[in-house]
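S.K.: predicted model follows, preceded by the sequence.
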Amino acid sequence: MNALLATVRRDLLLALRRKSEVLTSLFFFVIVASLFPLGIGPEPALLKKIAPGVLWVAALLSTLLGLPRLFAADHLDGTLEQMALSPSPLALLIAGKILAHWLLCGLPLVLLAPLLGLQFALEGQTLFILSLSLLLGTPLLSLIGAMGAALTLGVRGGGVLLALLVLPLYIPTLIFGAGAVEAQSAGLGVEGHLSLLAALLALAVFFAPWATTAALRIALE
Amino acid sequence: MNALLATVRRDLLLALRRKSEVLTSLFFFVIVASLFPLGIGPEPALLKKIAPGVLWVAALLSTLLGLPRLFAADHLDGTLEQMALSPSPLALLIAGKILAHWLLCGLPLVLLAPLLGLQFALEGQTLFILSLSLLLGTPLLSLIGAMGAALTLGVRGGGVLLALLVLPLYIPTLIFGAGAVEAQSAGLGVEGHLSLLAALLALAVFFAPWATTAALRIALE
Amino acid sequence: MHWNSVGEFFAMGGYALYVWGSFGACALLLVAEPFLVRRRLNEVRRNLARERLAEALDHNMDHISR
Amino acid sequence: MPAMLKVSRLACSRGERQLFADVSFSLAAGEWLHVQGENGAGKTSLLRLLVGLSPADAGEIYWRGVAASEADFHRDLLYLGHHAAVKDDLTPLENLCLSAALDGIHLHEEAALAALVRLGLRGREALPVRVLSAGQKRRVLLARLLTRPAALWVLDEAFNALDSGAVQLLGALVGEHLARGGLAVLTSHQPLPLPAGKRLML
Amino acid sequence: MPAMLKVSRLACSRGERQLFADVSFSLAAGEWLHVQGENGAGKTSLLRLLVGLSPADAGEIYWRGVAASEADFHRDLLYLGHHAAVKDDLTPLENLCLSAALDGIHLHEEAALAALVRLGLRGREALPVRVLSAGQKRRVLLARLLTRPAALWVLDEAFNALDSGAVQLLGALVGEHLARGGLAVLTSHQPLPLPAGKRLML
Amino acid sequence: MTNMNLINWFRFASPQSFYPLAGKLVPLFWTLALLFGAAGLWVSFFVAPTDAQQGEGYRIIFVHVPASWMSMIIYLAMAFWAGLGLALNTRLSSMMAQALAPTGALMAALSLWTGAFWGKPMWGAWWVWDARLTSELILFFLYVGFIALQSAIDDPRRADKAGAILALIGVVNVPIIYFSVKWWNTLHQGSTINLTRAPSMAHTMLWGMLLMALAFWMYSIAVSLMRLRAIMLERERHTEWVKHALE
Ligand code: HEM
Ligand SMILES: Nc1ncnc2c1ncn2[C@@H]1O[C@H](COP(=O)(O)OP(=O)(O)OP(=O)(O)O)[C@@H](O)[C@H]1O
Ligand SMILES: Nc1ncnc2c1ncn2[C@@H]1O[C@H](COP(=O)(O)OP(=O)(O)OP(=O)(O)O)[C@@H](O)[C@H]1O
Ligand SMILES: [Mg+2]
Ligand SMILES: [Mg+2]
């Protein structure tokens, strides 16, 4: 458990050292979400309708953008080797890295999303559901993404291959997440969508760190 | 001129060696374009309306995704140093790299866009304008992107910083590009939008390689 | 048997494009795939044969030089 | 003396090339092994196999009489490879403390500082590693030898990029480690400032 | 003999640290300079300054009597640094041919192959560089010495990671280059198998 | 006892004993595929009656459903072999997984294609974003991802293991495809084959579908075995048995 916290601390420290990193991931989210009104035109009714989808896709893409860096630096400079040889169980260290990734790339999105939602003219209750769906969904994105990042580590054409592997797996999260927000703004029940998201999350929390660890061990061979 | 071709040849060879790379960049475009209907819901009229914006944003993002790799590998392994010391003028070599980037990341999008347009129920003439706008727009994206990639080379938190720098510069391209397609599907004239795109492109072709070269020299210091 | 003529059969009650488009695509791909696989297999065999020939030549050279 | 590390009939192939087929050796407390061979002979491959980073084609590795995969081998092992394994953005001090934390060791700042000073990095503790010279980066990595207790040191070309003072220093460190009853497996193309050890020619 | 390369009163500082303040030397055809100093003394910094990769705080560099920034210096210069500068995904042969093409040189495949063979990479020409050993990667880089004509060689720790055979070979290559009237600036922590040259202690 | 069985199985699972066996099996499966295919086509075009609602357009069912089923079945088989290869480190099972993937991708592509050609006349659109269609699309992407991942790693052992993990992760998608029509109410037709309930389709239609499905199944086995033989030779080209196998 200590080792997990140590990894989280280390990754947060590294991110803080590259001060811009935390902020820019947020900025990316903001900019992507703002591109759509530009590309699509400023009709408010239309914007309101596409808002949940656009915000969720933006969250998904900005998570994706950070994924290749998740293990690449540690792999290149040999730190990953050292982790694999450390007396602490590798899965624990990896879980720590995933947690840190969520804290850096997921949590800020959750906090910022309501603000962007305002831009798209969403109302209070809908904004709340938006945040809630992102709170359940972004850890899922980090967990699934970590598996993809581990599988494509050190592989030729890694970055794009990663997107290819991970995006299909993100689709259910996207559907349930955006679905919940849409259901809310259409006045329908949201429990169904949210509980499915929660179930997926529970599954991933137990399963993903192991799969990621296995994939990393293979990458190190 | 020979040196330019040599760079193009080299970069294409490198990309082919990573066989998946060319294909996966395309897949990314396809998948991103397909994410929106999933997030937004399946209403055909709505989809048709947002199609130009979505396709253009997808093209923009998939170009963006490939940008950090544009110079990073050459920088890390010292090849860029060698290029800067080569007897051939650096700007020529860099122009070659940008051309190769467009051939790998831009051209395939132009060719594939009509197919995706079908998924969004666009008609023949609109599809043609979509391709044309992308044909003018994607080289512009590569040229602008190269400047950003050079500026953020080796900078802490580069990848996301790059997005932050480049996306605002991409906005005019996006507006004119998606605007042309929208104008066409609304039955309005498209020459205005397209000639603005062409003018921007002409400007960038002359200016961007020099700016990129200057930025790279600074990054090498 | 409910087709009155060959023409009617090919017209498929007005759904010709869709029915033949589907069956045609299936036929095309299902025929093409085995051929591609066959070609791959033959190519592997050819390469192996060439390699063995080269090895045999190596051995001969060894004998001669000795 | 009983052998602590026993390796028998290890084999390794890369691509279609058999690098080595029958490597056996054993090391007792206080002994060290110098793995030698030309560039590409398979030294790095052997070391990675030994520490368990890649699987062997055949052969066994025993640590204290138990198969290494089952023994609590990682706790006793310190492997430093070709890679720098230090974070460019962190300072040497932070690098050292954090890598200790990942190993589950609590390292006091004074101890870390002392290790860095011993390795001649006085005055560089608070600079980001990025600006250090090639040799200084290696020294940051080597400081782990002083902060992480381990019975078996496996060092791949650790003497690379070091100036002659640092080579002497590293020799002395290994010497002390052996005197304490430690074991070491080293590769190097240079002659080493160490008492004669076992040799393995690949 | 007239000096081909003349460096006067170069100064360089990094951070608040003054690395060197007054470095002057000159080299005539057939001469070489051994830049020496501890880790972090500033050898790499000096070399990068010399080839023009980073600007000097003060001082001038003249090549054939003309200021280096104005002379057609790049055409006469070959710099090999700490970095491998080879593409992991390409084979040694491709790496060599493509880097020649970028230099605007047309390199025949036989010539490239001959260079690789000379550097002991026979049998490795067609493997991706990624799978080569540390020393073999360096050799791929060094093969450029044979394929790219240049009057001034600037080699930063080129002897690192090489086995003793390769060290001898590289020594011989530099020797031939000098005999042809070339110049060389080298750094290295090891003794070099070369006739005595000028020395610069940082 | 079980130990003996296991040893036997391992011996049998070695490429050199399976290579000739596969060679003998391929023609057998081709014959079966052709027979079932001929019978299935006969039923689908000349025996099955015109549908009351869909006219002749419904005949697409005779290729659409087999292709869809096979795309899922092949995925399960591929994941099974890949997982076995990961767990037991048997070379043959990983090769099986690799041999199955392209055929599976082909089936998924055919399912999408024929579905689209059916959807245009029935729903008036080539494509709608409904749950079943989407999950089938994901299946196709998973196949493509598996193939791309394997071809991007050049060490075959590493490629096998990484592919296996991906294949196992993707298994979650198969039940989603199957139950999507039940879990979400969508445009797409629900399952007609149901063990607890009598088939709702005319018997001849059902027979046609089953015959075509068998034909597709036999075809898949035959093609995969051929590809498996090619893969075995490629991967084991330096072993003794390959040299003898060619004689
Ligand atoms: C691209 C579009 C389509 C896709 C990806 C698709 C996918 C599938 C899949 C995966 C199955 C097998 C699952 C199962 O047996 O439960 C299936 C079965 C079926 N599909 Fe589609 N489908 C598509 C379009 C259509 C259309 C347009 C129709 C008809 C209007 C249709 C009618 C059927 C029928 C009747 C079955 C058989 C169900 C059964 O008997 O179990 N499909 N499809
Ligand atoms: N896929 C492959 N095909 C053929 N040969 C390979 C393959 N992968 C690795 N090799 C060879 O295996 C050897 C690996 O050597 P290793 O890195 O263990 O050498 P080393 O003794 O550490 O050398 P150095 O002194 O240069 O560090 C190299 O000769 C390399 O060319
Ligand atoms: N920003 C900075 N602040 C303080 N010192 C710095 C800074 N940047 C670089 N340095 C110092 O400058 C020196 C750079 O040395 P350089 O890389 O030229 O050394 P070198 O002689 O090549 O050493 P080596 O033998 O290890 O390769 C190092 O001592 C480094 O610590
Ligand atoms: Mg080595
Ligand atoms: Mg140096």
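M.R.: Now that the structure is in, tell me what you want to look at. Ligands and ions are numbered 1, 2, ... in the order given.

S.K.: which pLDDT value goes with residue 47?
M.R.: I went with chain A, as the question did not name one. pLDDT for residue A:47: 81.

S.K.: right idea, wrong chain: chain F
M.R.: pLDDT, residue F:47: 84.

S.K.: now swap in residue F:91 and tell me
M.R.: Each residue has a pLDDT score; the one for residue F:91 is 84.

S.K.: ok, now residue F:172?
M.R.: At residue F:172, the model reports a pLDDT of 85.

S.K.: what do you get for the one 3 residues further on?
M.R.: Model confidence at residue F:175, expressed as pLDDT, equals 89.

S.K.: which residues of chain D lie near chain B?
M.R.: Residues of chain D lying near chain B by C-beta under 8 Å from any C-beta of the partner chain: residue D:89. Every C-beta, even on glycine, is put in place using the N, C-alpha and C of the backbone.

S.K.: go through chain D and flag its longest helix.
M.R.: The single longest helix within chain D, with elements called by DSSP state H, is helix D:164-179.

S.K.: please see if the following helix or strand past that helix touches ligand 2.
M.R.: On the C-terminal side of helix D:164-179, the nearest following helix or strand under DSSP states H and E is strand D:183-187. No: figure legend: strand D:183-187 not in contact with ligand 2 (C-beta under 6 Å from any ligand atom); closest approach 6.6 Å.

S.K.: what angle separates strand D:183-187 from helix D:164-179?
M.R.: Following axes from the mean of the first three to the mean of the last three C-alpha atoms, to 10 degrees, one obtains 150 degrees for the angle between strand D:183-187 and helix D:164-179.

S.K.: before we move on, which element is residue 100 in?
M.R.: Answering for chain A, as no chain was given. Per DSSP H and E: residue A:100 is located in helix A:90-101.

S.K.: my bad, the chain I had in mind was chain D
M.R.: helix D:92-102.

S.K.: for that helix, name the packing helices and strands.
M.R.: The contact analysis (3 or more C-beta pairs under 8 Å, 6 or more residues apart in numbering or on different chains; DSSP states H and E) places helix D:92-102 against helix A:2-17, helix A:79-85, helix D:109-118, helix D:134-142, helix D:144-147.

S.K.: now the helices for chain A?
M.R.: Secondary structure of chain A by DSSP H: the helices cover A:2-17, A:20-40, A:44-66, A:69-76, A:79-85, A:90-101, A:107-119, A:124-151, A:158-185, A:191-220.

S.K.: ok, chain F next?
M.R.: Here chain F has its helices, by DSSP H, at F:2-12, F:15-42, F:61-88, F:91-123, F:131-152, F:156-170, F:173-183, F:203-235, F:240-245.

S.K.: quick one: mean pLDDT for the first one?
M.R.: In this model, helix F:2-12 has a mean pLDDT of 53.

S.K.: any stretches of chain A with poor pLDDT?
M.R.: Within chain A, the segments meeting pLDDT under 70 span A:19-22, A:24, A:157-158.

S.K.: burial of the residue in it that ligand 2 sits nearest to, as a residue count?
M.R.: Here chain A gets closest to ligand 2 at one residue, residue A:221, 11.7 Å apart by C-beta to the nearest ligand atom. For residue A:221, the neighbour count with other C-beta atoms under 10 Å in any protein chain shown is 12.

S.K.: contacts only, for it.
M.R.: Residues in contact with residue A:221 (C-beta atoms under 8 Å, 6 or more residues apart in numbering or on different chains) are D:53, D:54, D:55, F:155, F:157, F:158.

S.K.: need the helix or strand of chain D with the lowest average pLDDT.
M.R.: Counting by mean pLDDT, DSSP states H and E, chain D has its least confident helix or strand at helix D:92-102, which shows a mean of 87.
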